[in-house]
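Participant: kindly generate the corresponding structure for this input.
(one chain, ligands or ions: 1)
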Amino acid sequence: MAQEFTILVVDDEKVIRDGCTLVLKSEGYRVATAANGQEALELLETTPVNVVLCDLKMPVMGALEVLEQVGRRFPDIPVIVITGLGTVDDAVECMKRGAYDFVTKPFRIDPLTLCVKRALEKQLLERETRRLQEEQARNLYTLAMEQSRMHIIVNCMADGLLVTNRNLEVVLCNPSFLRLAGFQSPPALPAPLGECFTDPALKEALEDLITGQEPDRCLYQEIRKGKTYLRAMSAPFLGPDQQVLGTVTVFHDVTSFKELDEMKTFFVNMASHELRAPLSAIKMQHSVILEGLAGGLTEKQREILTRAHDKIQGLLDLINELLDVARIEAGHRQLELAPLEIGTVLQEIVNLLQVKAQDQKVSLKLMVPNGLPPIVADRRGMEEVFTNLISNAINYSPDGGDVVISAQLRADRLEVKVKDHGIGIEPDEISKIFDKFYRVKDAKARQVIGTGLGLTLVKGIVDMHQGDIELESQVGRGSTFTVFLPLKPVIE
Ligand code: ADP
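Facilitator: Numbers count the residues shown, from 1 in each chain. The predicted structure is shown next:
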């Protein structure tokens with residue numbers, strides 16, 4: 001260890017230089033020597049030295065001048081002054097000029113080596129302190145750069161950003177948010193959420209995130225602000241111990257997608273409308289021919305016409321579903337509300353679908369307890385909802401599968417479950433299957449001919465009744481669709 005350190009001994013007396021060299025080398029130090037201050041300074045220019053031992057008085061440049069030069073040019077090298085003629089005044093003067101210590105001749109070995117050791121320790125400590133100071137300065141610089149970079153990124157984001165604390169006070173928002181929220185000038189922060197963005201659904205979602213039990217979840221919602229449609233993604237803002245410190249919401253302007261979607265819907269509706277009448281006419285003419293009213297048919301002709309007739313019926317079903325969805329979306333579908341025994345409706349649907357179930361070797365089981373109160377609902381709507389759910393359950397069940405339909409009263413709502421033990425649905429598909437035209441691509445599924453509109457229609461009708469629909473599903477184990485219906489919806 002001591003080998004790594006070089007001690008420079010400066011003395012005009014050779015015997016002192018040799019004596020010190022002997023002592024210091026025996027301690028494992030490397031030793032360099034100089035006969036006067038001038039020589040010592042020249043050597044310091046070329047050789048890395050850790051400590052200087054310097055005689056006070058020498059014919060060419062004594063310790064006082066060496067101290068001055070070393071202090072200026074090599075400030076981290078401690079200088080120990082040695083002298084045979086030392087007075088207190090000399091010692092004081094040397095210390096004033098920055099000497100690390102003062103040793104008088106003739107010196108004993110131990111105090112000299114101890115003094116050198118302490119000087120080296122001081123040097124090491126000073127170097128370490130300097131290194132830490134430099135590192136701290138570098139870290140502070142990096143932090144400042146990072147902060148300014150984050151600031152620029154947040155301010156340049158095209159999406160709006162809103163950050164709240166646990167008290168739902170807005171503590172940060174960016175210019176895009178201010179633009180989307182219609183601010184002319186930035187509000188003073190922190191500000192209550194209601195002063196920056198008034199949307200009850202967003203407030204509720206953020207409250208859920210703050211009090212919620214699942215700290216890693218995100219909530220998505222669509223918010224309408226005048227003519228602007230925003231897609232908001234909110235997530236909890238977590239501290240180092242995963243505690244919720246607040247919330248972060250990113251707002252994406254989806255107005256142009258909405259407009260495009262509306263134009264697409266308008267086009268599809270118009271096309272469907274225009275196609276329905278001629279298709280119905282073709283179907284009717286086919287029926288006339290099939291019934292033999294236009295003359296006799298060969299077996300082959302009948303077979304071809306029947307296939308064409310079925311295809312036309314499929315197209316008409318699609319068109320009717322499309323127009324139904326469009327009517328619900330536009331708020332044009334009227335509900336004919338009347339008291340309804342759900343058990344009776346379910347029984348009728350089960351009877352109707354029994355043939356289809358038997359064809360597909362699926363058993364249907366209906367479990368409705370006695371004394372279930374009637375609900376106020378639209379009969380045709382309820383028939384559409386449960387026909388779709390039960391026929392999907394049959395379609396997506398394997399041969400020999402069973403479908404259980406049950407109803408029961410839960411608090412002030414009626415709960416109807418359609419449970420199958422079929423192919424199930426992947427977790428990431430669950431949120432999409434109520435979307436228009438969405439169909440899961442599954443090689444295991446039967447070749448089911450469908451439109452991907454059935455569940456959209458189901459959800460639309462349930463929503464109109466102020467009900468809810470939930471889906472639990474496990475791939476390979478089956479799916480359960482649960483419909484919750486209020487006993488009497490309050491329709492404005
Ligand atoms: P489709 O006309 O295709 O049946 P739906 O809107 O009724 O349209 O259903 C959408 C998609 O959801 C279906 O294509 C199917 O992949 C999936 N699905 C619906 N019900 C079930 C079910 N009971 N089991 C498995 N998958 C289902």
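Participant: so where do the strands sit in the stretch 301-450 of the chain?
Facilitator: 337-340, 363-367, 375-378, 402-410, 413-420 (DSSP state E, counting those that start in this stretch).
Participant: now those in a markdown table, with mean pLDDT, distance to the ligand and mean neighbour count?
Facilitator: In short, each C-beta sits where N, CA and C put it, glycine included. Below are the strands of the stretch 301-450 of the chain laid out as a markdown table (pLDDT from 0 to 100; distance: least, CB to the nearest ligand atom, whole Å; neighbours: other CB atoms under 10 Å):
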| stretch | mean pLDDT | distance to the ligand | mean neighbour count |
| --- | --- | --- | --- |
| strand 337-340 | 94 | 23 | 14 |
| strand 363-367 | 97 | 13 | 14 |
| strand 375-378 | 95 | 19 | 22 |
| strand 402-410 | 96 | 9 | 17 |
| strand 413-420 | 97 | 5 | 20 |
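Participant: ok, which of the ones you listed comes nearest Ala357?
Facilitator: strand 363-367 (4.9 Å; CB to CB).
Participant: for the ligand, what's its nearest residue on this structure.
Facilitator: Here the residue of the chain nearest the ligand is Gly450; by CB to the nearest ligand atom that distance is 2.3 Å.
Participant: residues near that residue, how many?
Facilitator: Neighbours of Gly450 under the rule other CB atoms under 10 Å: 17.
Participant: show me what the helix or strand harbouring Ile80 is packed up against.
Facilitator: Assigned by DSSP states H and E, Ile80 falls within strand 79-83. In terms of contacts (3 or more CB pairs under 8 Å, 6 or more residues apart in numbering; DSSP states H and E), strand 79-83 is packed against strand 51-55, helix 63-73, helix 88-96, strand 101-104, helix 109-156.
Participant: would you mind finding the most buried of the ones you listed?
Facilitator: Across those, the average number of neighbours (mean count of other CB atoms under 10 Å) peaks for strand 51-55, which reaches a mean of 28.
Participant: which residue packs closest to Ser176, ignoring adjacent ones?
Facilitator: Of all residues not flanking Ser176 in the chain, Gly160 sits nearest, at 4.5 Å (CB to CB, 6 or more residues apart in numbering).
Participant: the lowest-mean-pLDDT helix or strand in the chain versus strand 51-55: what angle between them?
Facilitator: Ranking every helix and strand in the chain by mean pLDDT, DSSP states H and E puts helix 88-96 at the bottom, with a mean of 83. Orientation of helix 88-96 against strand 51-55 (axes from the mean of the first three to the mean of the last three CA atoms, to 10 degrees) gives an angle of 150 degrees.
Participant: surely Arg73 and Leu44 touch.
Facilitator: Yes: Arg73 lies in contact with Leu44 (CB atoms under 8 Å); the separation is 7.5 Å.
Participant: now the helices and strands packed on strand 79-83 as a markdown table including distance to the ligand?
Facilitator: Formatted as a markdown table, these follow (distance: least, CB to the nearest ligand atom, whole Å):
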| stretch | distance to the ligand |
| --- | --- |
| strand 51-55 | 83 |
| helix 63-73 | 82 |
| helix 88-96 | 90 |
| strand 101-104 | 88 |
| helix 109-156 | 40 |
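Participant: for those, give me a markdown table that also has distance to Leu245.
Facilitator: Formatted as a markdown table, those follow (distance: least, CB to CB, whole Å):
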| stretch | distance to Leu245 |
| --- | --- |
| strand 51-55 | 53 |
| helix 63-73 | 52 |
| helix 88-96 | 55 |
| strand 101-104 | 54 |
| helix 109-156 | 17 |
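Participant: ok, the closest residue to Thr113 other than its chain neighbours to Cys20 distance?
Facilitator: Spatial nearest neighbour of Thr113, excluding adjacent residues (CB to CB, 6+ apart): Glu27 at 5.4 Å. Between Glu27 and Cys20 the computed distance is 11 Å (CB to CB, to the nearest Å).
Participant: higher neighbour count, the two?
Facilitator: Shown here are Glu27 and Cys20; by other CB under 10 Å, Cys20 has more neighbours (22 against 15).
Participant: which element is that one on?
Facilitator: Using DSSP H and E, Cys20 falls within helix 14-26.
Participant: how about that helix: buried residues?
Facilitator: 16-17, 19-21, 23-24 (16 or more other CB atoms under 10 Å).
Participant: and the nearest residue to Asp399 once chain neighbours are set aside, how many neighbours?
Facilitator: With CB to CB, 6+ apart as the criterion, Asp399 has its nearest non-adjacent residue at 4.3 Å, and that residue is Lys361. A count of neighbours around Lys361, defined by other CB under 10 Å, yields 12.
Participant: now do Asn388
Facilitator: 22.
Participant: wait, doesn't it sit right on Gly452?
Facilitator: No: Asn388 lies out of contact with Gly452 (CB under 8 Å); the separation is 11.7 Å.
Participant: name the residues of this structure found near the ligand, please.
Facilitator: 388, 392-393, 396, 420, 422-423, 425, 433, 438-440, 450-455, 479 (CB under 6 Å from any ligand atom).
Participant: run through the stretch 51-200 of the chain and note the low-pLDDT ranges.
Facilitator: Applying pLDDT under 70 to the stretch 51-200 of the chain flags the ranges 85-86.
Participant: quick one: list the elements packing against the helix or strand hosting Glu222.
Facilitator: Here Glu222, judged by DSSP H and E, is contained in strand 219-225. With contacts defined as 3+ CB pairs under 8 Å, 6+ apart, strand 219-225 has these neighbours: helix 200-211, strand 228-238.
Participant: mind listing what it pairs with, with the direction of each?
Facilitator: Using DSSP bridges, strand 219-225 pairs in its sheet with strand 228-238 (antiparallel).
Participant: I would like the residues contacting the strand it pairs with, please.
Facilitator: 160, 163, 180, 202, 205-206, 209-210, 212, 215-224, 244-255, 257-258 (CB atoms under 8 Å, 6 or more residues apart in numbering).
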